[in-house]
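Participant: Structure for the following, please:
(one chain, ligands or ions: 1)
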Amino acid sequence: MTHHHHQHKPKRGLWTSRLGFIMASAGSAVGLGNIWKFPYITGMHGGGAFVLFFLFCIVSVGIPIMIAEMVIGRHTHKDPVGAFRRLKGGPWTLVGWMGVIAGFVILSYYCVVAGWAVDYLWLSLKGTFSFSGRYAKEVPLIFGNLLADDWAQVFWQAVFMGLTVWIVLGGVASGLERANKIMMPILFLILITLAVRGVASPGGAQALNFLFTPDWGKLDAPSMLEAMGHAFFSLSLGMGAILTYGSYADESVNIPAVAFTVSVMDTFVAMLSGLAMFPIVFTYGMEPAAGPGLVFKTLPIIFAQMPGGFVISILFFMLLVFAALTSAISLLEVVVAYYCDEKKWDRRKATLVMGFIIFLLGVPSALSNNMLKDYHIIGDRNFLDSIDLVATNYLLPLGGLLIALFTGWVMTPKLARAEVEKGNIRFRFYGAWHFLIRYVTPVLVALVFLNKVGLF
Ligand code: TRP
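Facilitator: Numbering: from 1, shown residues only. Next up is the predicted model:
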């Protein structure tokens, strides 16, 4: 409907509607970060204070940067490298490059964790979690069995990467957009059901208390960096994924409205996941700091205890896989957009070749729980957890810091404003946003970094 704006570059896709852009961006944001990662890192960092600082970062750092990425993407209609090159070039092009590299790194282990979810979908199809009173103690052990099986993990990782490549091959509108539109609403429904059930259960009050009553003493420098890094990870920011999606948007899109909607949805899903899982943790006397297996150890207990658990377990893991897919395609899309726009590869070649390379890069992560479990890279973290830490806590916030500085100080305010307000949109909080992106956001990110290296 709006292709006439871009007749000079017929090869690039465009979202077919405004809703398509919102759904795709929300699909990118909502993923394993919300359902797998948020609850487990919240458990490891002590709850309340961590959650509140995370929410603070979403508002003061996340939303302003999401607007900035969309502005840069839509203004240039380019991949991240091409976008920075066109707007300024020189060393700024490196910001785009960092994004493409982060895409490789993050997607490599993302597919491994998503592979666990595919395995759990398979298990639920086999009836593993269907109603049966004896499961409360046994269910969590299933996760250990999976981690002990290197080749099962590589197999499911490959299955998931295959699915991701298949969707990205379909192109922007038909592949990404259609997929997102169908699954997001179902995901919301099932999570709301699980969360309501959790809060109403015996462990509900303790879970609410754990999640929202801050004990500020627990918020040390590493926790702050983890919360801020996770705000980037969860909103898909700091590496040009949202920038790339913005590059497929046309002038009719209200950027601030989309950024706000997507951020609210994303945060909502994270909170729902916490509310679904922590009541189970407390009811069954489990350890909140159980680590990366939390979602796989908690929810299946409930599935096994509830009538209809067979169907619900299938639905839940199907949606988890789907949420992961809509995020993974945005990670792969950054890499593919770079090879298509800058290297003039065709989409098919870029997707197949890069998908395969990223799969290979992910194999050490798949082996990191058993064969390679003694290779600790950072502290006592295995390979997967280590590259997750480096990418999330350092690459993304650094990328975000540079994007904020670029938008606030290199792009002229006139250009930025013209872009946000294109298509007769009036951005009432333009002044506030520009102030945030210029001063507040970069200073906050820098402070959290400096705090981590022990400057205060
Ligand atoms: N936001 C997704 C999640 O929460 C993961 C993701 C997709 C991502 N694209 C990204 C993270 C780009 C960082 C950057 O699961």
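Participant: rest of the way, CA atoms for contacts and neighbours
Facilitator: Noted.
Participant: List, one by one, the residues from the chain near the ligand.
Facilitator: Residues of the chain lying close to the ligand (CA under 6 Å from any ligand atom) are 28-34, 233-237, 239, 241, 327-328, 330-331.
Participant: what do you get if the cut-off is 8 Å, keeping everything else the same?
Facilitator: On the criterion CA under 8 Å from any ligand atom, the ligand has as its neighbours in the chain the residues 28-35, 37, 102-103, 106, 110, 232-242, 266, 323-324, 326-331, 392, 396.
Participant: Among these, which ones are in helices?
Facilitator: Members of the residues of the chain next to the ligand lying in helices (criterion: DSSP state H): 28-29, 32, 102-103, 106, 110, 232-234, 241-242, 266, 323-324, 326-331, 396.
Participant: what residues are up against the residue lying closest to M265 once chain neighbours are set aside?
Facilitator: Sequence neighbours aside, A26 is the residue nearest to M265 in space, at 7.1 Å (criterion: CA to CA, 6 or more residues apart in numbering). Going by CA atoms under 8 Å, 6 or more residues apart in numbering, A26 touches V262, S263, M265, D266.
Participant: residues of stretch 208-225 that come out buried?
Facilitator: L208, F210, L211, P214, L219, A221, P222, S223, M224, L225 (16 or more other CA atoms under 10 Å).
Participant: Check the secondary structure at the fourth one for me.
Facilitator: When states are read from DSSP: H, G, I helix; E, B strand; the rest coil, the local structure at P214 comes out as coil.
Participant: one step back: show me which of the residues of the chain next to the ligand are buried.
Facilitator: By neighbour count, with 16+ other CA under 10 Å, the residues of the chain next to the ligand hold 28-35, 37, 102-103, 106, 110, 232-242, 266, 323-324, 326-331, 392, 396 as buried.
Participant: quick one: the helices in the stretch 101-250 of the chain?
Facilitator: For the stretch 101-250 of the chain, the helices defined by DSSP state H, counting those that start in this stretch cover 135-147, 150-169, 178-200, 204-212, 221-234, 241-246.
Participant: tell me the average confidence for the third one?
Facilitator: Averaging the model's pLDDT scores along helix 178-200 yields 86.
Participant: For it, give me every contacting residue.
Facilitator: So helix 178-200 is contacted by 20, 23-24, 27, 204-205, 207-208, 269, 272-280, 316, 319-320, 322-323, 326 (CA under 8 Å, 6+ apart).
Participant: residue in the stretch 301-450 of the chain nearest to the ligand?
Facilitator: In the stretch 301-450 of the chain, the residue that lies nearest the ligand is S327 (4.1 Å; CA to the nearest ligand atom).
Participant: I'd guessed that residue sits against N34; true?
Facilitator: No - look at S327 against N34 with CA atoms under 8 Å: they stay out of range, at 10.9 Å.
Participant: V445 contacts Y394, correct?
Facilitator: No - contact status for V445 versus Y394: not in contact, 10.4 Å apart, counting by CA under 8 Å.
Participant: Those two: which has the busier surroundings?
Facilitator: Set V445 next to Y394 and count neighbours by other CA atoms under 10 Å: V445 wins out with 22 against 18.
Participant: Secondary structure element holding the more buried one?
Facilitator: helix 441-452 (DSSP states H and E).
Participant: who does that helix touch, helix- and strand-wise?
Facilitator: Here helix 441-452 touches helix 221-234, helix 396-405, going by 3 or more CA pairs under 8 Å, 6 or more residues apart in numbering; DSSP states H and E.
Participant: what's next to the longest one, contact-wise?
Facilitator: By CA under 8 Å, 6+ apart, the residues outside helix 221-234 that reach it are 29-31, 33-34, 38, 45, 50-51, 53-55, 57-58, 62, 238, 266, 392-394, 396-397, 400, 445, 448-449, 451-452.
Participant: Equivalent analysis for the shortest one, please.
Facilitator: For helix 396-405, contacts defined as CA under 8 Å, 6+ apart pick out 65, 68-69, 95, 98-99, 102, 228-229, 232-233, 237-239, 437-438, 441-442, 445-446.
Participant: again, but for stretch 59-66
Facilitator: With CA under 8 Å, 6+ apart as the test, stretch 59-66 has contacts from 231-232, 235, 237-238, 242, 259-260, 263, 400, 403-404, 433, 436-437, 440-441, 444-445.
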